[in-house]
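Trainee: Need coordinates for the below:
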Amino acid sequence: MAAPSMGGVSLPRGNGQTVRLPRGASLTDLAERIGAQPAALVTALFHLGEMVTATQSVNDETLQLLGAEIDWDIQVVSPEDEDRELLETFDLTFGDEEGDEDDWSARPPVVTVMGHVDHGKTKLLDALRHTNVVAKEAGGITQHIGAYQIVTELEGEERPITFIDTPGHESFTAMRARGAKVTDIVVLVVAADDGVMPQTVEALNHAQAAEVPIVVAVNKVDKEGANPAKIRQQLTEYGLVAEEYGGETMFVDVSATTRQGLEELEAAVLLTADASLDLRANTEQDPQGVVIEGKLDKGRGPVATVLVQRGTLRQGDSIVAGDAYGRVRSLLDEHGNKLKEALPARPVQVVGLTSVPRAGDTFLVVEEDRTARQIADRRQARIRNAQNAQARKRISLEDLDAALKESRELNLIIKGDNSGTVEALEEALMKIEVSDDLSLRVIHRGVGGITKSDIDLALADDVIVLGFNVRAEGQATELANREGVDVRYYSVIYQAIEEIEAALKGMLKPEFEEVQLGTAEVREVFRVPRIGNVAGSLVRSGTIVRNSKARLIRDGAVVADNLSVDSLRRFKDDATEVREGYECGIGLGSFNDIKVDDVIETFELREKPRA
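Mentor: Residues are numbered from 1 along each chain as shown. As a prediction, the model looks like this:
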């Protein structure tokens, strides 16, 4: 029976029948399912006010609008359901525990560290692991997820604990939420001198949504103004009542700096796990788990940090993780040591994948490489279709006014050092709110350096390339410079978001110019204990200002840039500035390669007024 004619086009009426389509399906896909001509569906949508080609990915709302018009109940299958159906076609399942009781054994708790930015989450993990991660992070903000395992002692028995460090910046909400989904216990870090902040509440909501036990680490108790009792009081408003107040939540006062309370925190995690959870896993089942992060390593290729959730992952296994696949060439722990196998709750780096999986992708081991490749290929096609159907409205940077007149759309390519960061940056950019007649579209995203093919793609459609902790090299740089492709580099995620947002809203990024402040000639180099080398200098021109930017010049060549005048003294007194003709002592922070006759040049960046 045909539906009423729509502009002379007759379509088969569904009479309320259900048709299931994957996210990002085209009108051709729908036509095949309901026995219609694709051209007829294109015409039908045109009469409903939507311009769509037969092979173009269509978003969920448009499909359902069309379905209602022709009396078909169109159900868009969620990615999770679609993935489950895909695995079922290969007689595989994800997440189902099975096997004999003898195959089950105790596993370590997986602990996610959450909290507000700057409350000391990563510093706390540094103290637990005796390492220094914060110093490596741009802006002191964790830009990606890391997973580590430590061994502690409880009642004379050695017990491992797996920690996941989630990023603190609000743009990483999705990654923090993902951290909560793979965790057994959440350690909520709150600074004793600051109190409950918006991201503290956000992290708490993630943990409560995941229905996992929470241990509160009240950090920075050694600082002046610290008030741990106030933290306990504030958190009662959110349902976390301390044991000493008659509640069930364990609060531990800690200091990452002085290492106070670290053993008590480890004990609290293990006691909470023993009291609230039955932490066992099947070690003989086919290995499965979750990708914590993925990156492109220059020497080893794609490297994925995965958390094994069940089974035992071994070298040589055929693995599929999201839309990446391969054979496990080697397994490495967080220190780079080789492992023969990884048991449940063990975070491990996997080398041997063909591409970089995304943070949060599930992985599983299959019997044959061919099966892994087929699953990955189908997932890749599904992800591509979903992304094509997802174009969000937003436009260009420097020449914003001209671009508005011409295109009304800003196309971006995002490349980053790991998959979680790329995903978080894209998600944050897509949330930028501008008027409905502007559009922002990410036409490509990937992990690794900016390549010539990225620049070629950018040339095709006036695309801006964003590099996050990666650079364009060789031919890519030459081509970008020659063709005028806009390539922008960032190392802190919120700077990228702010700049794109400012451009989209018509507030172009300020232009800065370098203004020289002064130069000083090094006459003598003094070694000062616990400080390093200090340059005894004569100011040749201008003024040397403390805390200004500096560079060191030797024989006319720049030896070091990006320095700063950390200390400035006249004889034994600290000075704010020293003028031309006077002698002074200049300290360049941790930089000690200073020689007699070197020239220290100081400068500042000043905003240029736009014409």
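
Trainee: Quick one: neighbours of residue 520, just the number.
Mentor: 28 (other CB atoms under 10 Å). All C-beta atoms are positioned from the backbone trio N, CA, C, and that covers glycine.

Trainee: just the one 4 residues further on next, same as before
Mentor: Residue 524: 12 surrounding residues under other CB under 10 Å.

Trainee: if you skip the residues just before and after it, what's nearest to it?
Mentor: Nearest in space to residue 524, with sequence neighbours left out and distances taken as CB to CB, 6 or more residues apart in numbering, is residue 536 at 3.7 Å.

Trainee: Could you list which residues are in contact with the one you found?
Mentor: By CB atoms under 8 Å, 6 or more residues apart in numbering, the contact set of residue 536 is 522-526, 583, 585.

Trainee: Could you tell me which of those are located in strands?
Mentor: 522-526, 583, 585 (DSSP state E).

Trainee: biggest separation within those, which pair?
Mentor: Largest separation among the ones in strands among the contacts of residue 536 by CB to CB: 525 and 583, giving 13.8 Å.

Trainee: so where does the closest residue to residue 51 other than its chain neighbours fall, helix or strand?
Mentor: Nearest-residue entry for residue 51: residue 45, 7.7 Å, with adjacent residues in sequence omitted and distances by CB to CB, 6+ apart. Per DSSP states H and E: residue 45 is located in helix 38-47.

Trainee: Same check on residue 479?
Mentor: With DSSP H and E as criterion, residue 479 is part of helix 475-483.

Trainee: What's the first helix or strand after that helix?
Mentor: Heading C-terminal from helix 475-483 (DSSP H and E), you reach strand 487-490.

Trainee: Work out the gap between that next one and the centre of the chain.
Mentor: Distance of strand 487-490 from its chain centroid, counting by CA atoms, centre = their mean, to the nearest Å, is 17 Å.

Trainee: Each with direction, which strands does it pair with?
Mentor: strand 463-468 (parallel) (DSSP bridges).

Trainee: contact partners of the partner strand?
Mentor: The contact list for strand 463-468 (CB under 8 Å, 6+ apart) reads 396-397, 410-417, 421-422, 425, 443, 449-450, 454-455, 457-458, 472, 480, 485-491, 493, 496, 500.

Trainee: packing partners for the helix holding residue 479?
Mentor: helix 452-460 (3 or more CB pairs under 8 Å, 6 or more residues apart in numbering; DSSP states H and E).

Trainee: Just the buried ones from the contacts of residue 536?
Mentor: 522, 525, 585 (16 or more other CB atoms under 10 Å).

Trainee: correct me, but residue 603 touches residue 516?
Mentor: Yes. Residue 603 is in contact with residue 516 according to CB atoms under 8 Å; the separation is 4.9 Å.

Trainee: buried ones in stretch 262-277?
Mentor: So, applying 16+ other CB under 10 Å, buried residues of stretch 262-277: 262, 265-270, 272-273.

Trainee: Quick one: residues contacting the closest residue to residue 287 other than its chain neighbours.
Mentor: Among residues not flanking residue 287 along the chain, residue 311 sits closest, at 3.4 Å (CB to CB, 6+ apart). With contacts defined as CB under 8 Å, 6+ apart, residue 311 is in contact with 282-288, 344, 365.

Trainee: Which one (most neighbours) among these?
Mentor: Most crowded among these, counting by other CB under 10 Å, is residue 344 at 27 neighbours.

Trainee: What about the residue nearest to that one when sequence neighbours are not counted, how many residues nearby?
Mentor: Distances taken as CB to CB, 6+ apart place residue 281 nearest to residue 344, at 3.5 Å, with adjacent residues excluded. Around residue 281 there are 20 other residues, counting by other CB under 10 Å.

Trainee: which stretches of the stretch 151-300 of the chain form strands?
Mentor: 157-165, 185-191, 214-219, 250-253, 280-282, 288-297 (DSSP state E, counting those that start in this stretch).

Trainee: Go ahead and build a ChimeraX selection from the buried members of the contacts of strand 463-468.
Mentor: Here is the ChimeraX command that selects the buried residues among these (16+ other CB under 10 Å):
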select :396,397,410,411,412,413,414,415,416,417,421,422,425,443,449,450,454,455,457,458,472,480,485,487,488,490,493,496,500
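
Trainee: quick one on the thing from earlier: retrieve the pLDDT associated with the residue nearest to residue 287.
Mentor: Looking at residue 311, its pLDDT is 88.

Trainee: roughly how far apart are it and residue 520?
Mentor: Going from residue 311 to residue 520 by CB to CB, to the nearest Å gives 64 Å.

Trainee: Am I right that the residue nearest to residue 51 is in contact with residue 53?
Mentor: No. Residue 45 is beyond contact range of residue 53, at 9.9 Å (criterion: CB under 8 Å).

Trainee: which residues are in contact with both of the two?
Mentor: Joint contacts of residue 45 and residue 53 (CB under 8 Å, 6+ apart) are residue 27.

Trainee: Run through the stretch 101-250 of the chain and note the low-pLDDT ranges.
Mentor: For the stretch 101-250 of the chain, residues meeting the criterion pLDDT under 70 lie at 101-102, 131-145, 166-181.

Trainee: Name the residue closest to the centre of this protein, please.
Mentor: With distances taken as CA atoms, centre = their mean, the chain has residue 421 as the residue nearest its mean C-alpha position (2.6 Å).

Trainee: Count the residues that sit near the residue lying closest to residue 553 once chain neighbours are set aside.
Mentor: What sits nearest to residue 553 in space, not counting adjacent residues and going by CB to CB, 6+ apart, is residue 599, at 4.3 Å. Counted with other CB under 10 Å, the neighbours of residue 599 add up to 18.

Trainee: Also residue 26?
Mentor: Neighbour tally, residue 26, other CB under 10 Å: 22.

Trainee: Just want to check the distance between it and residue 13.
Mentor: Per CB to CB, residue 26 is found 21 Å from residue 13.

Trainee: repeat for residue 58
Mentor: For residue 58 relative to residue 13 (CB to CB), the value is 20 Å.

Trainee: Between the two, which has more neighbouring residues?
Mentor: The neighbour count for residue 58 versus residue 13, taken as other CB under 10 Å, is higher for residue 58 (27 against 15).

Trainee: Give me the phi and psi for that one.
Mentor: phi -120, psi 140 (degrees, to the nearest 10).

Trainee: residues touching it, list them.
Mentor: 24-27, 52, 389.

Trainee: Excluding covalently adjacent residues, which one is nearest to residue 341?
Mentor: Residue 341's closest residue in space is residue 314 (CB to CB, 6+ apart), at 4.7 Å.

Trainee: just residue 331 next, same as before
Mentor: Residue 331's closest residue in space is residue 339 (CB to CB, 6+ apart), at 4.3 Å.

Trainee: What is the burial count for that neighbour?
Mentor: Neighbour tally, residue 339, other CB under 10 Å: 16.

Trainee: Hmm, residue 328 and it touching each other?
Mentor: No. Contact criterion CB under 8 Å: residue 339 and residue 328 do not qualify, at 10.5 Å.

Trainee: Just put the contacts of residue 536 in JSON lines and tack on distance to residue 216 and pLDDT.
Mentor: Output for the contacts of residue 536, formatted as JSON lines (distance: CB to CB, whole Å; pLDDT from 0 to 100):
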{"residue": "522", "distance to residue 216": "52", "pLDDT": "95"}
{"residue": "523", "distance to residue 216": "56", "pLDDT": "94"}
{"residue": "524", "distance to residue 216": "54", "pLDDT": "93"}
{"residue": "525", "distance to residue 216": "50", "pLDDT": "92"}
{"residue": "526", "distance to residue 216": "49", "pLDDT": "90"}
{"residue": "583", "distance to residue 216": "55", "pLDDT": "93"}
{"residue": "585", "distance to residue 216": "47", "pLDDT": "93"}
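
Trainee: and which of these is nearest residue 562?
Mentor: residue 522 (18.7 Å).

Trainee: who's that closest one bridged to?
Mentor: Judged by DSSP bridges, the bridge partners of residue 522 are residue 537.

Trainee: Make 203 the first number, not 1, from now on.
Mentor: Sounds good: first residue 203 from here, last item residue 724.
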